[in-house]
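Q: A predicted structure for the sequence below; I have some questions about it.
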Amino acid sequence: MAVEFRNLMEDIVLQNLDAVMEAGGCCTCDACKSDVAAFTLNQLAPHYVATRQGRLMVKLKSYELQSRADVVAAISESAIMVSQHPRHGRS
């Protein structure tokens, strides 16, 4: 039997990443996006699901105002940190 599961918080963060980084005037190169996404996901609680019903429940919860605000705030904090210490441009 195959075990399948997914952390839907990854999808939620990636859906909001570009808009939040661009609004904050942050660099949006692939390295910075990856770093911001990783830092953000380490701050937020994961939402693992194994069923279609679980996916729908997490998706519905992600549209709640407080959930969205938590994700946007975490992305913003991570973007500030990455902007202060970007990986790109290092020799």
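A: Arrived safely.
Q: can I have the helix or strand bottoming out on mean pLDDT in the chain written out in CSV, keeping just the CAs?
A: Lowest on mean pLDDT, DSSP states H and E among the helices and strands of the chain sits helix 52-62, with a mean of 78. Extracted C-alpha coordinates of helix 52-62, given in CSV (Å, rounded to 0.1, in the frame of the first residue of the first chain):
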residue,chain,number,x,y,z
ARG,A,52,-9.2,14.7,-0.8
GLN,A,53,-11.5,15.7,2.0
GLY,A,54,-8.5,16.8,4.1
ARG,A,55,-7.3,19.0,1.2
LEU,A,56,-10.7,20.7,0.9
MET,A,57,-10.8,21.4,4.7
VAL,A,58,-7.3,22.9,4.7
LYS,A,59,-8.1,24.9,1.6
LEU,A,60,-11.2,26.3,3.2
LYS,A,61,-9.4,27.2,6.3
SER,A,62,-6.7,29.0,4.3
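Q: show me what that helix is packed against.
A: On a contact count with 3 or more Cβ pairs under 8 Å, 6 or more residues apart in numbering; DSSP states H and E, helix 52-62 meets helix 8-23, strand 48-49, helix 65-84. Yep, even glycine has a C-beta here, placed from its N, CA and C like the rest.
Q: give me the pLDDT for residue 89.
A: Per-residue confidence for residue 89 comes out at a pLDDT of 65.
Q: ugh, wrong one, residue 36
A: For residue 36, the pLDDT comes out at 98.
Q: so it touches residue 75, yeah?
A: Yes. In terms of Cβ atoms under 8 Å, residue 36 counts as a neighbour of residue 75; the distance is 6.4 Å.
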